[in-house]
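*Asks:* Got a predicted structure plus its sequence, pasted below:
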Amino acid sequence: MSIAKQINEFKNILPENVKLVAVSKTKPNEAILEAYHTGQRVFGENKIQELIQKYQDLPKDIQWHFIGHLQTNKVKQLVGIVKLIHAVDSLKLLQVIDKEARNQNTKVSCLLQMHIAQEETKFGLDFDELIQILESDFFNEIKKDKNAGVEICGLMGMATYTNDNEQIRQEFSILKNSFAQVKMNYFADNPNFKELSMGMSGDYAIAIEQGSTLIRIGSTIFGERNYI
């Protein structure tokens, strides 16, 4: 099935409140443009230099999401290019994004990444670490500061890579419950805290069932990844 047909398939099946992030990492501009001309505007990348090149080469109304692990020394290159950073996994990273965004007189939307999978190799915060960030002086300051460089818009997580759908469902449920608690206790008056980024090509249906608002789909749309 072509890229355009796959995009249209997702348009037909996704609930109104779920947005498709087409994960275009390692894919050529031609493939992205095929999706673009079908109406897709949100694309996800996980390599800084590749994202910068694509940003320069491709239409400027594309919304770029950075979905990979982000090192603090790379933040400056992303600010001003990305619409949303999916995987903020430390207070230090959040502070660096805020500083760089202020320097560029802009604001960057961010999701806090939680570790919900069994694999130790995946990044993310546990619930206690998440609460530490939300209880920090820094967070209390940016909540009140209209000129803050970051806005926390939700949570993100990756389930274990497994064929056990019940395990995946339980892990997404943990993330959903964490989101509900955090929303109630820290963002009750903030309508922008609304995103739950979970679900990829192999498990997006379960993620949607568990409340995902952003699904990150690569191989189902573009075919298998090119390892470069």
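*Replies:* It's in.

*Asks:* list the contacts for L20?
*Replies:* Going by CB atoms under 8 Å, 6 or more residues apart in numbering, L20 touches I7, F10, K11, L14, Q40, V42, I215, I217. Glycine gets a C-beta too; all of them are placed from N, C-alpha and C.

*Asks:* S2 contacts H37, doesn't it?
*Replies:* No: S2 lies out of contact with H37 (CB atoms under 8 Å); the separation is 11.4 Å.

*Asks:* any idea whether the most centrally placed residue in the chain is helix, strand or coil?
*Replies:* What sits nearest the mean C-alpha location of the chain, by CA atoms, centre = their mean, is H86, with 2.8 Å. Using DSSP: H, G, I helix; E, B strand; the rest coil, the structure places H86 in strand.

*Asks:* Does it touch G44 like I think?
*Replies:* Yes: counting by CB under 8 Å, H86 touches G44, with 7.5 Å between them.

*Asks:* what do the two both touch?
*Replies:* Counting by CB under 8 Å, 6+ apart, the residues touching both H86 and G44 are H65, F66, I67, R216.

*Asks:* Widest-spaced pair of the residues you listed?
*Replies:* For the shared contacts of H86 and G44, with distances taken as CB to CB, the pair at the greatest spread is F66 and R216 (11.3 Å).

*Asks:* list residues touching both of those two?
*Replies:* G44, H86.

*Asks:* Which elements pack onto the longest helix anywhere in the chain?
*Replies:* Counting residues, the longest helix found in the chain (DSSP state H) is helix 165-186. Contacts defined by 3 or more CB pairs under 8 Å, 6 or more residues apart in numbering; DSSP states H and E place helix 165-186 against strand 108-114, helix 127-134, strand 150-157, strand 195-197, helix 204-209.

*Asks:* Could you list the low-confidence segments of this structure?
*Replies:* Residues of the chain that meet the criterion pLDDT under 70 lie in 1, 121, 225-228.

*Asks:* same thing but 90
*Replies:* The chain contains residues with pLDDT under 90 at 1, 118-123, 223-228.

*Asks:* Out of the helices and strands packed on helix 165-186, which is closest to K27?
*Replies:* K27 sits nearest to helix 204-209 of all the helices and strands packed on helix 165-186, at 18.3 Å, using CB to CB.

*Asks:* So which residues make contact with that closest one?
*Replies:* For helix 204-209, contacts defined as CB under 8 Å, 6+ apart pick out 14-15, 18, 159, 165, 168-169, 172, 198-200, 212, 215, 217.

*Asks:* buried ones in that helix?
*Replies:* Residues of helix 204-209 classed as buried: Y204, I206, A207, I208 (neighbour count, 16 or more other CB atoms under 10 Å).

*Asks:* Over to stretch 195-206?
*Replies:* Neighbour counts using 16+ other CB under 10 Å place E195, L196, S197, M198, G199, M200, G202, D203, Y204, I206 of stretch 195-206 among the buried residues.

*Asks:* Also stretch 114-132?
*Replies:* M114, H115, I116, A117, K122, F123, G124, L125, E129, L130, I131.

*Asks:* Reformat these into a markdown table and put distance to Q77 next to each item.
*Replies:* What follows is the buried residues of stretch 114-132, written out as a markdown table (distance: CB to CB, whole Å):
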| residue | distance to Q77 |
| --- | --- |
| M114 | 25 |
| H115 | 26 |
| I116 | 29 |
| A117 | 28 |
| K122 | 24 |
| F123 | 19 |
| G124 | 23 |
| L125 | 24 |
| E129 | 26 |
| L130 | 26 |
| I131 | 30 |
